[in-house]
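Undergrad: Have a look at this fold, sequence not included:
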């Protein structure tokens with residue numbers, strides 16, 4: 001259940017408690033029980049997310065240890081795609097344009113969509129930054 005739904009139910013529950021329990025002591029006790037239930041729900045949701053992430057970490061470990069290039073090599077392949085795309089955009093294409101102008105050829109090599117490439121690169125660099133932090137802390141295995 002999302003936090004918005006839980007918050008809405010909590011507000012609705014508090015309103016109902018105020019109308020049902022005229023005694024301030026009973027009202028306070030009922031409100032406390034309602035808030036405890038809401039917190040337990042939040043904790044259960046958080047625990048489910050942690051279990052999901054832990055499972056994904058285990059899958060990542062298995063993929064990385066695989067001898068199959070299609071399982072363990074996809075991350076490096078994505079990194080090389082970024083390297084080639086950046087090299088083409090910032091070195092190769094400008095040099096080709098210059099050479100074509102020198103040869104008086106009126107064609108320009110196509111440009112790459114840098115938005116998609118940089119989105120991919122930022123994701124990889126973010127993961128790489130976490131790996132570097134693990135190495136500095138001594139947590140990384142290699």
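TA: Yes, it's here. Keep in mind that this is a model prediction, so the values were computed, not measured.
Undergrad: Could you use CA atoms for every contact and neighbour count after this?
TA: Will do.
Undergrad: any idea whether residue 67 is helix, strand or coil?
TA: Classification of residue 67 using DSSP: H, G, I helix; E, B strand; the rest coil returns coil.
Undergrad: Quick check: pLDDT value at it.
TA: Looking at residue 67, its pLDDT reads 76.
Undergrad: measure it to residue 73 for me?
TA: 9 Å (C-alpha to C-alpha, to the nearest Å).
Undergrad: Looking at those two, which has the bigger crowd around it?
TA: residue 73 (14 against 10; other C-alpha atoms under 10 Å).
Undergrad: could you measure that one against residue 64, distance?
TA: 8 Å.
Undergrad: How about residue 109?
TA: 37 Å.
Undergrad: Neighbour count: these two, which is higher?
TA: Remark: of residue 109 and residue 64, residue 64 carries more neighbours, 16 against 11, as counted by other C-alpha under 10 Å.
Undergrad: ok, so what distance separates that one from residue 81?
TA: Relative to residue 81, and taking C-alpha to C-alpha, residue 64 is found at 19 Å.
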